[in-house]
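A.B. asks: What follows is a predicted protein model with its sequence.
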Amino acid sequence: MEQPQTVQTQLSNQKKRVVIVGAGPTGTLIALYLAQMDWQVSVYERRKAEPESSSSRRSYNIVLNERGLKALQQAGVELPSAKQVILQGNVRHTPKGTTLSKGFANSVSIDRYTLAQSLIEEGKHRFPH
């Protein structure tokens, strides 16, 4: 006579499911990571899709340092090179009128919307459903 499965055994046979609220860069990146680990991922975003025209939407850039770029690489995401600016360093102007500069390597600046859209498109391409 066959033994009935326990609840835990039944759950371990099912695909894990997760809901992510927020389709910005962080939400979509974690969605890609979880989908790669064979989770069933649903992502929800409150805001409407932004217009295609960059002149009609608000814009701000995100700086990705070496750690951020590595996180994207590990998720299999390649940023559009035409949409990123490689950063060499920064200059700060103090209240006393002096300038301070600091160089750094392996950092890029990219429009937040462009980054989010790249992540969303990568997810749709690799994990359609």
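C.D. replies: Great, that's in hand. Residues are numbered from 1 along each chain as shown.
A.B. asks: Output the lengthiest helix in the chain in CSV with nothing but the alpha carbons.
C.D. replies: Ordering each helix of the chain by length in residues (DSSP state H) puts helix 112-126 first. Output of helix 112-126 as CSV, limited to C-alpha atoms (Å, rounded to 0.1, in the frame of the first residue of the first chain):
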residue,chain,number,x,y,z
ARG,A,112,17.1,54.9,-15.0
TYR,A,113,14.2,54.4,-17.6
THR,A,114,16.7,52.9,-20.1
LEU,A,115,18.1,50.6,-17.4
ALA,A,116,14.7,49.4,-16.3
GLN,A,117,13.5,48.8,-19.9
SER,A,118,16.6,46.8,-20.7
LEU,A,119,15.9,44.6,-17.7
ILE,A,120,12.3,44.2,-18.5
GLU,A,121,13.0,43.3,-22.2
GLU,A,122,15.7,40.8,-21.1
GLY,A,123,13.2,39.1,-18.8
LYS,A,124,10.5,39.0,-21.5
HIS,A,125,12.9,37.5,-24.0
ARG,A,126,14.4,34.9,-21.7
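A.B. asks: So which elements touch it?
C.D. replies: helix 25-36, strand 61-64 (3 or more Cβ pairs under 8 Å, 6 or more residues apart in numbering; DSSP states H and E). To be clear about C-beta, it is placed using only N, CA and C from the backbone, and glycine gets the same treatment.
A.B. asks: Please identify the buried residues of the next helix or strand after the last one?
C.D. replies: Which is strand 61-64. Next along the chain after strand 61-64, taking DSSP states H and E as the criterion, comes helix 66-74. Residues of helix 66-74 classed as buried by neighbour count (16 or more other Cβ atoms under 10 Å): 68-69, 71-72.
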